[in-house]
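*Asks:* could you work out the structure for the sequence below:
(one chain, ligands or ions: 1)
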Amino acid sequence: MTPSKKPDNKLTNPVMEIIYGRRSVRKYADKDVPDEIIREIIRAGTYAPTAVNKQPWRFVVIKNRKLIDELDEKAKTIFVSMFRDSTVPELAVYAKNLAKPEVRILYEAPVFILVFTSPDAMNEHDCALAAENMMLAAHSLGIGSCWIGLAAGLGSDETFLKETGVPKDHKLVAPLIFGYPAKGALPAPKRNPDVILKWIS
Ligand SMILES: Cc1cc2nc3c(=O)[nH]c(=O)nc-3n(C[C@H](O)[C@H](O)[C@H](O)COP(=O)(O)O)c2cc1C
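*Replies:* This next block holds a predicted model:
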């Protein structure tokens, strides 16, 4: 793919536009995401690099509105009970804010995909790479996404694992939400350009 130069002289091509254009979406339109698009997003996830070609990613897809709302509540409850008495003041404040009933950690997204790693994985990075592939692929298809670390507690909730048929030896790496973005999304936060510690030529 030959890059072209934008007016500001930065190199660009369609892939870079997708990378720079993606952002975490926290407001979704009330519109169904077709199953074939979700399958394509997952397929993109499976094309991530994977140590020793283990391909350890396993996916749970939830499109049921009622269940997503219940899981939102459950994940919040787990987080609040874990951190409400934290000695780290920021975490305790966070837990207190989350306890408010109007707070929705899954932002009422229409699709919730949990990326688990199977126990034979060499590491968890593979699933994080799959997650990023999925979010970029989604953006390229007009679908917004957000990684919801606050929902990580679901990965150790026995009832949830039983209900979804996830084996106990699988570990939740990436809870991801997807959906068509509601209008008015802001651009991604500015990146700090000063990140190169050293450059040795
Ligand atoms: C591991 C991880 C956990 C995250 N957890 C949350 C979360 O619980 N809730 C949320 O709204 N955003 C969450 N995010 C999204 C980040 O806040 C977001 O990526 C960051 O602010 C940069 O914005 P951008 O994704 O729009 O570029 C998470 C991102 C990562 C990588």
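*Asks:* which residues touch the residue nearest in space to the middle of the chain?
*Replies:* For the chain, the residue nearest the mean C-alpha position is Trp147 (2.4 Å; C-alpha atoms, centre = their mean). By C-beta atoms under 8 Å, 6 or more residues apart in numbering, the contact list for Trp147 reads 24, 131, 135, 174-176. All C-beta atoms are positioned from the backbone trio N, CA, C, and that covers glycine.
*Asks:* one more time with 6 Å
*Replies:* 174, 176 (C-beta atoms under 6 Å, 6 or more residues apart in numbering).
*Asks:* give me the phi and psi angles of it.
*Replies:* phi -80, psi 130 (degrees, to the nearest 10).
*Asks:* which strand runs longest in this protein?
*Replies:* The residue-count maximum for a strand in the chain (DSSP state E) belongs to strand 171-179.
*Asks:* give the buried residues for the longest helix belonging to the chain.
*Replies:* Counting by DSSP state H, the longest helix found in the chain is helix 65-83. Neighbour-count burial for helix 65-83 flags 68, 71-72, 74-76, 78-80, 83 (criterion: 16 or more other C-beta atoms under 10 Å).
*Asks:* so it versus strand 171-179, what angle?
*Replies:* Using axes from the mean of the first three to the mean of the last three C-alpha atoms, to 10 degrees, the inter-axis angle of helix 65-83 relative to strand 171-179 is 130 degrees.
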